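[1] Sharing a model prediction with you, sequence too.
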Amino acid sequence: MPHLIRNKGLPFLLFFLISYFPPVFCRAETSDAPPQGGEFFSALPGVWILTAAILLAVVAISIIANIFQYLQKKRLEDEIVRYRKIARDAVEQQKAIKDIFDHLNDHVFFHDMEGNLYEVSASVQRDADYTESELKQMNIKDLVPEQFKSQVDEYLERIRRNGSDRGYLRVVNKAGEEMLMEYNNTLIYDQNGSVVGVRGISRNITEQYRARKASEKSEKKYRTILETIEDGYYEVDLRGTYKFLNNSALRILGYRWEELAGKSYKSLIAEDDVGQVFETFNYVYRTGRPVKAFHWRSVCKDGSICHLETSVSLLFDDQGKAAGFQGIIRDISDRIKAQNKQKELEAQLQQAQKMESIGTLAGGIAHDFNNILFPMIGYTELAMQDLPEESTAYQNLKKVMKSAERAKALVQQILNFSRQSSNESAEPVYIQPVLKETVKLLKNTVPSFIDIQANIDENTGKVFINLAQMHQVIMNLCTNAYQAMENLEAGRMCVDLKQMEITEETSPDHYHLTPGSYACITVSDTGSGIPPEIREKIFEPYFTTKPQEKGTGLGLSVSYGIIKNAGGIITVESTS
């Protein structure tokens, strides 16, 4: 061993050599004449040289041994320092891991295959409200409500079989408060591959669960409201793609959700309203201000147009950024129809009032004119009685009488229009013969390029009217129809008669006629139509668009008076 040579071997060897070769040194010292140079060395025996060589070798070996021993000692010291550092690092790492475990919100725990806990993090102690020593003496079943203890056995069976398990489990803390835990556990193996226990990580999701339940309850509540309200609710993204429509919105539009999901709102908007709707949504996006109500028209699935009143506001995502639009839609088609009908009725009322005023004026003029005409006819008749018929004066007075009779007929027409004349000759009659006779007469007098058709219902009941006046009405209407087509190359006139029932519900649509059975006469033509600006004037006395030689403007006004006097109405529809 090197340390033995250094401590004991080298001094012993030197002592042995000195004591073994003393004669050699003595002999050299007692000689009478000192040896010269080579004689001295030559006098040394071979043993001496060998001894010196051995001595040098021993010294060299001792030095090498000392160097080796030093290096070995240094290495051992370095190893000791390294192992001490590793031990310190391990201790620090263990402390760091423990510190992490103690500050984790998630629970970290270890249990054996029977569910007995043997290591738990500080978070387990905080939530369970047990000390570490108390928990290490407990089984998982001790922390589970009675009705859920069987789930622990099922969990242990699954983790033995699968090597891991995840799910939810209800536990109870020391104060008896129930908590819902979400866990994810795996088996732990030793170096030999044998199962030694389970490492578990769980999280207390009680508050999240309660919040989710509350959110689901609230969502269900408002979802129920959305699905039961009469108004529609919609959600679209920033590009206008439908993201949600409630049942009422789908009912209003006539679609199923599968037919609209992913489609643009533009596909349902009437073409004339696309620009207005886009501008409204763009305004809401730019300003962030909601629009409470604006009116637009939508094309329903059946092709009909419905009027919608819509509110619009921005829809935000979880980061507070604008993600789309939401709002309420309300079907106001009935309201729009009612408003239009009200305007129509107001116009009809104004027309009726105007016609009544004109009739009153015309009646007054007719009576005054009749008072003037009466003595003219009387004195003319008296004068004719005193003259021979062959005289020129008689013939002149006869012409005056003829003109007076025409004036009398004109006064009668005016009185008929004003409804101030008596209708004593009126009686319940069938008007089918009058219509057929009129149509037959028209076919013989109207040019052949106008096709006249008649659709007369023989089952139509009697009408309380004077037949002569009825004939006058039909002739006036048909004459106007013919004159509207006389400049055309071809035309068609239709005279229809059918029975119509007026009910309480439909009465407002027909100038509030008394509910009952009515004869509906329709005279239609394929003429150029009546411009809207003069349509409401056609029943006024003396109003005409014809040359003076073709009409006096009394035909339609007289027809209006006759029909009104018979308890009916006369209306006009035209497209120009």
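    Happy to help now that I have it.
[2] averaged over its residues, what pLDDT does whatever helix or strand residue 383 lives in have?
    Remark: residue 383 resides in helix 333-385, with elements defined by DSSP states H and E. Helix 333-385 shows a mean pLDDT of 77.
[3] Checking the spatially most central residue of the chain next. Helix, strand or coil?
    The chain has residue 235 as the residue nearest its centroid, 2.8 Å off, counting by CA atoms, centre = their mean. For residue 235, the reduced secondary structure class is strand; criterion used: DSSP: H, G, I helix; E, B strand; the rest coil.
[4] Could you pull up the mean pLDDT of the longest helix seen in the chain?
    Looking only at the chain and at elements set by DSSP state H, the helix with the highest residue count is helix 46-103. The average pLDDT for helix 46-103 rounds to 76.
[5] One more: stretch 269-289?
    For stretch 269-289, mean pLDDT is 90.
[6] Stretch 208-217 now?
    Over the span of stretch 208-217, the pLDDT mean works out to 83.
[7] mind listing what's buried in it?
    When burial is assessed from 16 or more other CB atoms under 10 Å, stretch 208-217 yields no buried residues. Backbone N, C-alpha and C define where each C-beta goes, glycine included.
[8] same check, this time on stretch 233-245
    Of the residues in stretch 233-245, 233, 234, 235, 236, 240, 242, 244, 245 count as buried by neighbour count, 16+ other CB under 10 Å.
[9] Make sure residue 516 is actually in contact with residue 504.
    No: judged on CB atoms under 8 Å, residue 516 makes no contact with residue 504 at a distance of 10.8 Å.
[10] The two: who's more crowded?
    Set residue 516 next to residue 504 and count neighbours by other CB atoms under 10 Å: residue 516 wins out with 11 against 7.
[11] what separates the residue lying closest to that one once chain neighbours are set aside from residue 518, distance-wise?
    Once its chain neighbours are removed from consideration, residue 516 has its nearest residue in residue 502; the separation is 6.0 Å (CB to CB, 6 or more residues apart in numbering). With the distance defined as CB to CB, to the nearest Å, residue 502 ends up 6 Å from residue 518.
[12] which stretches of the stretch 201-350 of the chain form strands?
    Taking DSSP state E, counting those that start in this stretch as the test, the strands found in the stretch 201-350 of the chain are 232-237, 242-245, 291-299, 305-316, 322-331.
[13] Quick one, which of those strands gets closest to residue 529.
    Within the strands of the stretch 201-350 of the chain, the stretch nearest residue 529 is strand 305-316; the backing value is 23.5 Å (CB to CB).
[14] Could you export that closest one as PDB, CA atoms only?
    Once side chains and other backbone atoms are set aside, the C-alpha atoms of strand 305-316 remain, and they are given as PDB (Å, rounded to 0.1, in the frame of the first residue of the first chain):
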ATOM      1  CA  ILE A 305     -95.200  40.200 -47.900                       C
ATOM      2  CA  CYS A 306     -95.400  40.900 -44.100                       C
ATOM      3  CA  HIS A 307     -94.700  44.200 -42.500                       C
ATOM      4  CA  LEU A 308     -92.300  44.000 -39.500                       C
ATOM      5  CA  GLU A 309     -91.500  46.500 -36.800                       C
ATOM      6  CA  THR A 310     -88.000  45.700 -35.500                       C
ATOM      7  CA  SER A 311     -85.700  46.800 -32.700                       C
ATOM      8  CA  VAL A 312     -81.900  46.500 -33.100                       C
ATOM      9  CA  SER A 313     -79.100  46.600 -30.500                       C
ATOM     10  CA  LEU A 314     -75.500  45.300 -30.500                       C
ATOM     11  CA  LEU A 315     -74.600  41.800 -29.300                       C
ATOM     12  CA  PHE A 316     -71.200  41.500 -27.500                       C
END
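[15] starting at the chain centroid, how far to it?
    Relative to the chain's own centre, strand 305-316 is displaced by 10 Å; criterion: CA atoms, centre = their mean, to the nearest Å.
[16] Partner strands of that strand and their direction?
    The sheet places strand 305-316 alongside strand 291-299 (antiparallel), strand 322-331 (antiparallel), with pairing taken from DSSP bridges.
[17] wait, is residue 477 part of a helix?
    Yes: for residue 477, which was evaluated using three-state DSSP, the result is membership in a helix.
[18] what is the residue lying closest to it once chain neighbours are set aside paired to in the beta sheet?
    With CB to CB, 6+ apart as the measure, residue 523 is the residue that lies nearest to residue 477, at 4.3 Å, once sequence neighbours are left out. Listed by DSSP bridges, the beta-bridge partners for residue 523 are residue 495.
[19] follow-up on the earlier one: dump the buried residues of stretch 233-245 into CSV; add distance to residue 49 as well.
    Supplementary listing: those in CSV, determined by distance: CB to CB, whole Å:
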residue, distance to residue 49
233, 120
234, 119
235, 113
236, 114
240, 115
242, 115
244, 114
245, 119
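[20] Of the residues you listed, which pair is most distant in space?
    Among the buried residues of stretch 233-245, the pair separated by the greatest distance (CB to CB) is 233 and 240, which sit 16.2 Å apart.
[21] Am I right that residue 369 is in contact with residue 404?
    No: with contact taken as CB under 8 Å, residue 369 and residue 404 are classed as non-touching, separated by 11.4 Å.
[22] so which of the strands paired with strand 305-316 is the most packed in?
    Using mean count of other CB atoms under 10 Å, the stretch among the strands paired with strand 305-316 with the greatest mean number of neighbours is strand 322-331 (a mean of 20).
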